[in-house]
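Undergrad: Show me how the following folds:
(2 chains)
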Amino acid sequence: MAKDYRYIGKHMPRRDSDEIVTGTAPFLDDLKFTNLLYGKVLRSPHAHAILKKIDKRKAQALPGVKAVVTWEDIPDWRGGTPRSVRVLDNKVRFVGDAVALVAATSGQIAEEALSLIDVEYEVLPAVLDIDSALKPDAPQLYEEFEGNIVPAGTPIYGPNCLTGVVRGDVEKGFAEAEVITEGTFGYENLPNALPPESIGAVAFWEPPNKATIYGTSQAPYMDKVTLYHVFNRQIEIRSIGHHVGASFGTKFMCWQVQAYAIVLARATGRPVKVVFTKEEHMAAFTLRIGSRISARVGMKKDGSITAIQGTWHVGTGFYSSTTQCQVAVGSGELMILAQCPNWDLKSAIVATNRNASGPTRGFGGQELECAFIPILSLAMEKAGLDPFEVMKKNFVKPGGGYYWRDGDWYSFRGVDFSSAMDRGAEVFGWKDKWKGWLKPTSVSGPKRRGVGVGIHGNADIGEDTAEAYVQLRYNGTATIFLCVAEFGTGQKSNYVKMAAEVLQIPPERISMSPADTLVTPYEFGPVGSRGTYAIGSAVINAAEDAKRKLLEMAAPKLGVDPADLDTADGAIFVTGHPDKGIKWHAMGNDRTLLGYGRFESDFTMCNFMMSFVEVEVDVETGKADLVRVVNATDIGQIIDPPGLEGQLNACWGSAGIDSALFEETVHDRRTGHQLNANLIDYKWRTFAELPAMQHVVLETPFPSHRFKAIGIAEITTSPGPVATLLAVSNAIGTWLYQYPATPDRVLEALARGGAR
Amino acid sequence: MAATKLIHLTVNGQDYELDVGNRPGQVDPAHTLVYTLRETLRLTGTKAACEQGACGACTVIMDSKAVLSCRILTLECDGKNILTIEGLRDPETGTLDPLQQAFIDHRAFQCGFCTPGMIMTSKALLNENPHPTEEEIKEALSGNFCRCVSHYHVLKAVLSVAEKGR
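TA: Numbering: from 1, shown residues only, chains lettered A, B, ... in the order given. Here you go, the predicted structure:
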């Protein structure tokens, strides 16, 4: 089991605890800037229109207005994949698309100025769902995207970017199958991960071509990279991060609001702040991708999957930034949980006139599995199989493998997760509660209980490169230089712990640089559960490099080989003789030692989580309540016990389990207006309805880094939603085909023939 | 401009006299309390999130009751006594309020954006009912939106304070 570490695995206060509980932790909107202007965005009331004429004279004349900017005022700057979305365009593609930007001396004046801009729209027919977008002769959002199909693949994942899975021989696979099922299922309710802090940016402009942004993203370095490309590689960006009021993946895609702030700062020569209102955050920022799969599955009666064939339609809204990435990662994630030899799974990304889909924890896999596992369940039902056993059998094990995002095959070198699965089933009481498909666990009057299980794994724990510096000072202190903004996981404190463990100095002696691209090396950002393995490795490597330099510095002074030396508590000594040594002081107060650490992508391991859920459905009202959740995982080594528990508890928040029960984004099907873009009409779980929660966490050492740990947080929302939909189906005795299982849908299903 | 009207507020024990008007530093009739706290008095610990009284992030204590500062006009607060997250720490010793300490000890936050609102709601509850049950705490916090799911840890933190001296 876990090694005896000084700091790793110990419950310690987070380094920002005091600031958080006293309200002094700086979030973007709390930062003070002098001479600041406030930016606002005029948004389209139409789902699809050409801007025929914009008259901004009245707005410009309003006292306090410093700039009004439209597409006519700026170069053809574009974002998206492929780069297709102009920062400001002469066409709008969803209700809420940007028409003009205003900067003024107060938010109120900027707001008033918006109402003084006269816009003449030529309204175009819109496509508000996948089916209408795919019809022949459907209106097109972009001339270059024929049939509203967004080009597959992304250059950042390389020329063979995964766009589905083709492997083996599906005809042979279906011939070998003892059960074949097919169907179409969707996870298209577009839940919103909905961090409490909105998105925004403050930009400074320095002529002729430099901009500094303070943003709300957890990955400031990638903001720099993304914006560099948006501005045609002509503007040099410095990006600074601070506390982030949660992201759940979404704030990785803040380039639009950042670009607005930069455009306005460039136009006025003054710093400009743009922060989206909650309505803008919900109706003009990102949602989960829409996911619909039509597939055929072959299975043997022992539960092995013999063939998977189908098409995955992915709704991306008015453009894609990371949707191709989500298709690639999601396809790989499906392979991880369905170790099937024969595949023919294709995908198509479809653009429609609604706000964009973007990165959200679960990143493609959650959305694909929520649609695919119901079809797999039909096969399990036909074969009379227990889903827990089938999921356990088909999840990747040592010796297995999968294609990952770059299209390469990876042989899995992680641990066998079966023990964690078994332990989870035991704690949940799965064997007693599982009564068979569409059979309730218990019935008490109108209340029927049902159970379900879901599974997820992600090889992005080792995705992308990471870099860090660790600097040692003569007084026994150290500084970590790393471009990560704290966004809730507590990882910044964990990096301090890791460096403290390597250097054997107390965490209080280690400080961290701001997340500032002018100061730190490259870092992709804490996404995809890569924080522990990928970023952690960079920090550990930097600390080890610094330690090596420290020992090399001390070796001549002690007359020994550096290999015989060690350090602890600010002293350097011959290994095994901590009493005989010299202090770090020996380096002199006119010197610092700088260690550099780098991590290179490694897709040969994945994380894992299984969620067991129990629901209670009232067949008279149709309301389904989440009663209990047991999550099971194996993460090698716990770094921070309370932080881990918090991230596992997160399984129902941020567009997780509750996206199977009541969370959904509702658009008017006629106009494309979002109808619940506020925190009253968008339903969220309150303290009054907390389900019971238990976690099983095993610590089987992973061949990852020095501490044998891997990350988990990103995937904790992922196994639960489909488990919950199936649990409701089991409770009421009939299949539910749509997310979320709202009372009207439950009653409708019961009317269709549920077992009352 | 008409004769100057003044607003008196006591915030965290300090008295403020603010002009009503629409110049910087003044209280505009349209300003909400959260705006005045954050932008005029620069007390940014109180968070503005939904700005329609749905999420509890802006909760402060006014005359011993938890209120949503995004739903109150500053003009309505003349003569009121307001406590914000910045006022919980003992001004003399710098010691954290027991609730703040419990939030640290129980790691009752993740991103921390909703935390000031959570603490102020809990503080108002404990002022009124020093030993609430778990159900009463859940009821009191039902208007506080947390998306990281720190609810379980918040409950433990508030219960740990509620159980002291029982």
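
Undergrad: what's the burial count for A:Val516?
TA: For residue A:516 the amino acid is Asp, not Val. Neighbour count of A:Asp516, defined by other CB atoms under 10 Å in any protein chain shown: 18. All C-beta spots, glycine's among them, are computed from the backbone N, C-alpha and C.

Undergrad: That one and A:Leu264: what is the separation?
TA: Computed as CB to CB, to the nearest Å, the A:Asp516 to A:Leu264 distance reads 22 Å.

Undergrad: again, but for A:Tyr469
TA: Relative to A:Leu264, A:Tyr469 is positioned 34 Å away (CB to CB).

Undergrad: mind listing the strands for the stretch 601-750 of chain A?
TA: Secondary structure of the stretch 601-750 of chain A by DSSP state E, counting those that start in this stretch: the strands cover A:609-618, A:624-634, A:692-698.

Undergrad: how about these in TSV, adding mean pLDDT, mean neighbour count and distance to chain B?
TA: As requested, the strands of the stretch 601-750 of chain A are arranged in TSV below (pLDDT from 0 to 100; neighbours: other CB atoms under 10 Å in any protein chain shown; distance: least, CB to the nearest CB, whole Å):
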stretch	mean pLDDT	mean neighbour count	distance to chain B
strand A:609-618	98	27	13
strand A:624-634	98	23	11
strand A:692-698	98	17	6
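
Undergrad: can you list these in CSV and add distance to B:Arg107?
TA: Formatted as CSV, these follow (distance: least, CB to CB, whole Å):
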stretch, distance to B:Arg107
strand A:609-618, 21
strand A:624-634, 18
strand A:692-698, 15
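
Undergrad: Quickly list what the residue nearest the centre of chain B is bridged to.
TA: Among the residues of chain B, the one closest to the centroid is B:Val60, at 2.3 Å (CA atoms, centre = their mean). Taking DSSP bridges as the rule, B:Val60 bridges to B:Val67.

Undergrad: and it, what is it in contact with?
TA: Contacts here follow CB atoms under 8 Å, 6 or more residues apart in numbering or on different chains; on that basis B:Val60 touches B:33-34, B:37, B:46, B:66-67, B:69, B:82-85, B:120.

Undergrad: Buried residues of stretch A:468-476, list them for me.
TA: Within stretch A:468-476, the residues scored as buried using 16 or more other CB atoms under 10 Å in any protein chain shown are A:468-474, A:476.

Undergrad: Tell me the helices and strands packed up against the helix or strand encompassing A:Glu552.
TA: In the assignment (DSSP states H and E), A:Glu552 maps to helix A:536-558. Where contact means 3 or more CB pairs under 8 Å, 6 or more residues apart in numbering or on different chains; DSSP states H and E, helix A:536-558 is packed against strand A:466-473, strand A:478-481, helix A:491-503, strand A:565-568, strand A:571-574, strand A:581-583, strand A:592-599.

Undergrad: what's the closest of the ones you listed to chain B?
TA: The closest of these to chain B is helix A:491-503. By CB to the nearest CB, the value is 10.3 Å.

Undergrad: Packing partners of the closest one?
TA: Counting contacts by 3+ CB pairs under 8 Å, 6+ apart, helix A:491-503 is packed against strand A:466-473, strand A:478-481, strand A:510-512, helix A:536-558.

Undergrad: let's see it at 10 Å
TA: Judged by 3 or more CB pairs under 10 Å, 6 or more residues apart in numbering or on different chains; DSSP states H and E, helix A:491-503 is in contact with strand A:466-473, strand A:478-481, strand A:510-512, helix A:536-558, strand A:565-568, strand A:592-599, helix A:641-649.

Undergrad: now the angle between strand A:592-599 and the first one, please.
TA: Strand A:466-473 and strand A:592-599 meet at an angle of 160 degrees, taking axes from the mean of the first three to the mean of the last three CA atoms, to 10 degrees as the criterion.

Undergrad: residues from the stretch 351-500 of chain A in reach of chain B?
TA: Listed as neighbours of chain B in the stretch 351-500 of chain A under the rule CB under 10 Å from any CB of the partner chain: A:486-490.

Undergrad: which one of these is nearest chain B?
TA: Out of these, the member with the shortest distance to chain B (by CB to the nearest CB) is A:Gly488, at 3.4 Å.

Undergrad: Does that closest one belong to a helix, a strand or coil?
TA: Assigned by DSSP: H, G, I helix; E, B strand; the rest coil, the conformation of A:Gly488 is coil.

Undergrad: Grab the nearest non-local neighbour of it.
TA: Once flanking residues are discounted, A:Gly488 sits nearest to B:Cys111: 3.4 Å by CB to CB, 6 or more residues apart in numbering or on different chains.

Undergrad: could the helices and strands packed on helix A:491-503 be laid out in JSON lines, adding mean pLDDT?
TA: Formatted as JSON lines, the helices and strands packed on helix A:491-503 follow (pLDDT from 0 to 100):
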{"stretch": "strand A:466-473", "mean pLDDT": "98"}
{"stretch": "strand A:478-481", "mean pLDDT": "98"}
{"stretch": "strand A:510-512", "mean pLDDT": "98"}
{"stretch": "helix A:536-558", "mean pLDDT": "97"}
{"stretch": "strand A:565-568", "mean pLDDT": "97"}
{"stretch": "strand A:592-599", "mean pLDDT": "98"}
{"stretch": "helix A:641-649", "mean pLDDT": "98"}
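
Undergrad: residues touching the closest residue to A:Asp602 other than its chain neighbours, list them.
TA: Counting by CB to CB, 6+ apart, A:Asp602 lies nearest to A:Gly462, which is 3.6 Å off, once chain neighbours are set aside. By CB atoms under 10 Å, 6 or more residues apart in numbering or on different chains, A:Gly462 lies in contact with A:404, A:410, A:528-530, A:532-534, A:537, A:599-607, A:704-705, A:710-711.

Undergrad: which among the residues you listed end up buried?
TA: Buried residues within those, counting neighbours by 16+ other CB under 10 Å: A:404, A:410, A:528-530, A:532-534, A:537, A:599, A:601-607, A:704-705, A:710-711.
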